[in-house]
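# I'd like to go over a predicted model; first the sequence, then the structure.
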Amino acid sequence: MEEIIYIKNKVYFKRLYKKIQMNIYFIFIPFALIAAVMAYLISYNEWTRHYPTKKEPKKIALETAIFTLIIFIIIMFLVAYALDYWVEK
């Protein structure tokens with residue numbers, strides 16, 4: 001009887017874990033996009049003070065935003081991997 005309960009709980013936790021893992025992606029993606037937009041705006045605002053034209057600050061700010069987005073996506077996958085590694089399967 002205890003073995004059946006254990007198996008049922010294990011299946012329940014596997015399903016719950018998959019839901020949590022998918023929710024992490026849905027939670028992180030909007031925050032990653034917000035972080036990229038904020039990085040663009042902050043970087044653009046700072047670099048416009050150093051260049052007389054608007055072309056170069058836009059390019060630098062876009063590079064900063066892309067880098068920020070990549071970093072946040074890497075963090076998202078590391079968190080998902082950590083959950084996969086540490087949560088009982």
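Everything's here; your move.

# can you pull out the helices in the chain?
Along the chain, the stretches classed as helices by DSSP state H are 2-47, 55-86.

# Would you single out the least confident of those?
Averaging pLDDT over each of the helices of the chain singles out helix 2-47 as the lowest, with a mean of 77.

# Count the residues that sit near T53.
Residues lying near T53 (other CB atoms under 10 Å) number 8. Yep, even glycine has a C-beta here, placed from its N, CA and C like the rest.

# Tell me the spacing between it and I71.
T53 sits 28 Å away from I71, going by CB to CB, to the nearest Å.

# excluding its backbone neighbours, what's nearest L62?
Nearest residue to L62, sequence neighbours excluded (CB to CB, 6 or more residues apart in numbering): Y40, at 6.6 Å.

# wait, what's in contact with the one you found?
A61, L62, T64, A65 (CB atoms under 8 Å, 6 or more residues apart in numbering).

# Okay, it and W86: tell me how far apart.
Plainly put, Y40 is 34 Å away from W86 if you go by CB to CB.

# Identify the residues contacting F28.
Going by CB under 8 Å, 6+ apart, F28 touches F72, I73, I75, M76, V79.

# ok, of those, which come out buried?
By the neighbour-count criterion of 16 or more other CB atoms under 10 Å, the contacts of F28 include these buried positions: F72, M76.

# can you put the contacts of F28 in a markdown table and add distance to L33?
What follows is those, written out as a markdown table (distance: CB to CB, whole Å):
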| residue | distance to L33 |
| --- | --- |
| F72 | 9 |
| I73 | 10 |
| I75 | 14 |
| M76 | 12 |
| V79 | 17 |
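
# Which one of the contacts of F28 is nearest to I29?
When the contacts of F28 are compared for distance to I29 (CB to CB), M76 comes out closest, at 7.5 Å.

# Nice, that's everything, thank you.
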